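**Q** coordinates for the following, if possible.
(one chain, ligands or ions: 1)
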Amino acid sequence: MSFFKANKTFKPKKNLPEGTKQYQLKKYAEATLGSGNLKAAVLLPEGEDLNEWLAVNTVDFFNQINMLYGTITDFCTAQDCVVMSAGPKYEYHWCDGVQFKKPVKVSAPEYVDYLMTWVQSQLDDEAIFPSKIGVPFPKTFQSIVKTIFKRLFRVYAHIYHAHFPRIVALGEEAHLNTSFKHFIFFVQEFQLIDKKELAPLDELIQTLTMEKPAQH
Ligand code: ZN
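**A** Numbers count the residues shown, from 1 in each chain. So this is what the prediction gives:
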């Protein structure tokens, strides 16, 4: 069964036990986001551990993208989206280095399914994303987080390039823009994605992150 069929009713990933650091950070992140200042909301809270902060936010973005893509799954079909793309210039072939050692050309829904299933398997792996108190993060943690962010970006890129009119018709564009803006501020703050990987949404990134001129 595909990832999205199995998750038709959205359930937040990973229920962190109360009292853990990540649980506290999740509550903190929700509170700061409520203030509406996304740029401030991405900053590592003073005195907190970077890996814990990356972990909490990785899970959060995964859940957001899961929900956003979930609204258009009926329209992102193997017939309409024969390949995973972000506009005419960018095409992605799935390769996870494990199940698929060489890049394989699959439809966008298949690609997103592989991608989200792969991310979920990373989040569920206690050796990578420990949820218990006192269990350390692996040395490779930050490089895994970067790969997760690089791949999650492609789902935003596909939604914007292939399905934006549908998102508008569903009245979801403010939600999508806020989520993506938050994602980009986070990526920029912790340098999680190479600039060339962001190219398919360059202009949008410029527009969304532009400082508003000061009021006189
Ligand atoms: Zn599509």
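
**Q** flag every residue of the protein that's near the ion.
**A** By the rule C-beta under 5 Å from the ion, the part of the chain lying against the ion is Cys76, Cys81, Ala108, Ala162. For the C-beta atoms, the positions are set from N, CA and C on the backbone; glycine is no exception.

**Q** swap in 8 Å and give it another go.
**A** 72, 75-77, 80-81, 84, 108-109, 112, 158-159, 162-163 (C-beta under 8 Å from the ion).

**Q** and Thr77, what does it touch?
**A** Counting by C-beta atoms under 8 Å, 6 or more residues apart in numbering, Thr77 makes contact with Ser107, Pro109.

**Q** re earlier: can you flag the buried ones in the residues of the chain next to the ion?
**A** Burial by neighbour count, judged by 16 or more other C-beta atoms under 10 Å, picks out Ile72, Phe75, Cys76, Cys81, Met84, Ala108, Pro109, Val112, His158, Ile159, Ala162, His163 from these.

**Q** now the helices for the protein?
**A** With DSSP state H, the ranges of helices along the chain come out as 3-6, 21-34, 38-41, 50-70, 108-124, 141-169, 173-190, 202-209.

**Q** any idea how far Ala86 is from Asp194?
**A** To Ala86, Asp194 is 15 Å away according to C-beta to C-beta, to the nearest Å.

**Q** quick one: which of those two has more around it?
**A** Ala86 (22 against 10; other C-beta atoms under 10 Å).
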